[in-house]
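>>> Pasting the sequence and the predicted coordinates here, then a few questions.
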Amino acid sequence: MPSPLKGPPNALSKTQDILYVKQFLGHHKLGSTMKYIDIGKAIYGQLSEEFAVRVAEKPDEIKKLLKAGFEYVCEKDKLLFFRKRK
């Protein structure tokens, strides 16, 4: 089973939603998920709360950001905003 605390599909760092992680892991009890998260934090360290933010307008800029691991956040004034955890 993929860890929600390690790797690109990092469920906990992307959502900061423990209930989502519980569902993602298929746990029936929240206590099991909390233990899993605590063990993961002990092994991998605390997750950063800082993000690198980039703005893109053109398809080639968007493609470059997605390939670099940035995730889409929102659109405003025809600009697309992306972020990646530091």
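Nice, I can see it.
>>> Would you mark the buried spots in the lengthiest helix in the chain?
The longest helix of the chain (DSSP state H) is helix 30-44. Within helix 30-44, the residues scored as buried using 16 or more other Cβ atoms under 10 Å are Thr33, Tyr36, Ile37, Gly40. From N, CA and C alone the C-beta is placed, and that goes for glycine too.
>>> any weak-confidence spans in this structure?
Low-confidence segments of the chain, defined by pLDDT under 70: 1-15, 45-48.
>>> Go again with 90.
For the chain, applying pLDDT under 90 flags the ranges 1-27, 30, 32-51, 84-86.
>>> okay, stretch 35-42 in CSV with CA atoms only?
The C-alpha trace of stretch 35-42 is given here as CSV (Å, rounded to 0.1, in the frame of the first residue of the first chain):
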residue,chain,number,x,y,z
LYS,A,35,-0.7,5.6,14.6
TYR,A,36,0.3,5.2,10.9
ILE,A,37,0.8,9.0,10.6
ASP,A,38,2.9,9.1,13.8
ILE,A,39,5.1,6.3,12.6
GLY,A,40,5.5,7.9,9.2
LYS,A,41,6.5,11.3,10.8
ALA,A,42,9.0,9.5,13.0
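>>> from now on call the first residue 54
Happy to do that; since the first residue is 54 now, the last one works out to stretch 88-95.
>>> Please tell me how far it is from the chain's geometric centre.
With Cα atoms, centre = their mean, to the nearest Å as the basis, stretch 88-95 stands 16 Å off its chain's centre.
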